[in-house]
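Trainee: Quick one, what's the 3D model for this:
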Amino acid sequence: MKLYYKSGACSLAPHIALGESGLDYAIESVDLITKKTENGEDFCKINPKGQVPTLQLDNGTILTENVVILQYIADNAENKTLLPAFGSLERYHAMEWLNYIATELHKGFSPLFYPDTPENYAIQTRQSLAKKFDYLNSILSKQNYLIGNEFTVVDAYLFTVLNWCQYLNLDIDQYVGLKTFMERMRNRPKVINALKEENLL
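Mentor: Got it, this is the predicted structure:
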């Protein structure tokens, strides 16, 4: 399978998950402005949405949307601990976390990436994110990862989104649980490998 990605974007989450999965995969970067892949293909012919992450399966099928791609990787991984068992209550809690990260946290960062965002709205956005950081910190101060003490694809997504803080002047060092979580993630070999492949290290 092949993951289409943009360095440092939300596609870093499935990139990490693929590394942790034990599956064979390739990666290809995408210029989201020109909509061209690094091999010169028209990315919109691959994914008409024109967005990453995009996962192309071995049979040519295209999957989009982070939450779906992460579930697919986990369900097909050699490493069967990347999500709790299908049908278990823990699995639904994992889905709860994936959706929270996607809708509350990931989208919550979006206004800060645009230089024309009005300053008063940017301030409100930062205040809103601070409340979410407080909530996440309360969880990660008591356990290593969001689902307990074992890494799952949920953590790959959270790490990816929180990693944007360094580019947006958002200091999370005051949140001891979050700071420790990020350090723990950055020490995982597959995370290091993904960051290197995306030229982020």
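Trainee: check contacts around residue 74.
Mentor: By CB atoms under 8 Å, 6 or more residues apart in numbering, the contact set of residue 74 is 17, 21, 82, 83, 152, 153. Using the backbone N, CA and C atoms, a C-beta is placed for each residue, glycine as well.
Trainee: Can you tell me the SS state at it?
Mentor: helix (DSSP: H, G, I helix; E, B strand; the rest coil).
Trainee: Check the spacing between it and residue 153 real quick.
Mentor: 5 Å (CB to CB, to the nearest Å).
Trainee: picking that back up, quick one: which of the contacts of residue 74 sit in helices?
Mentor: 17, 21, 153 (DSSP state H).
Trainee: For this structure, which segments count as strands?
Mentor: 2-5, 26-31, 36-37, 54-56, 62-64 (DSSP state E).
Trainee: Now do the contacts for residue 45.
Mentor: No contacts exist for residue 45 under CB under 8 Å, 6+ apart.
Trainee: ok, now how distant is residue 142 from residue 17?
Mentor: 24 Å.
Trainee: Who has more neighbours out of these two?
Mentor: Using other CB atoms under 10 Å as the criterion, residue 142 and residue 17 rank with residue 17 on top: 34 against 9.
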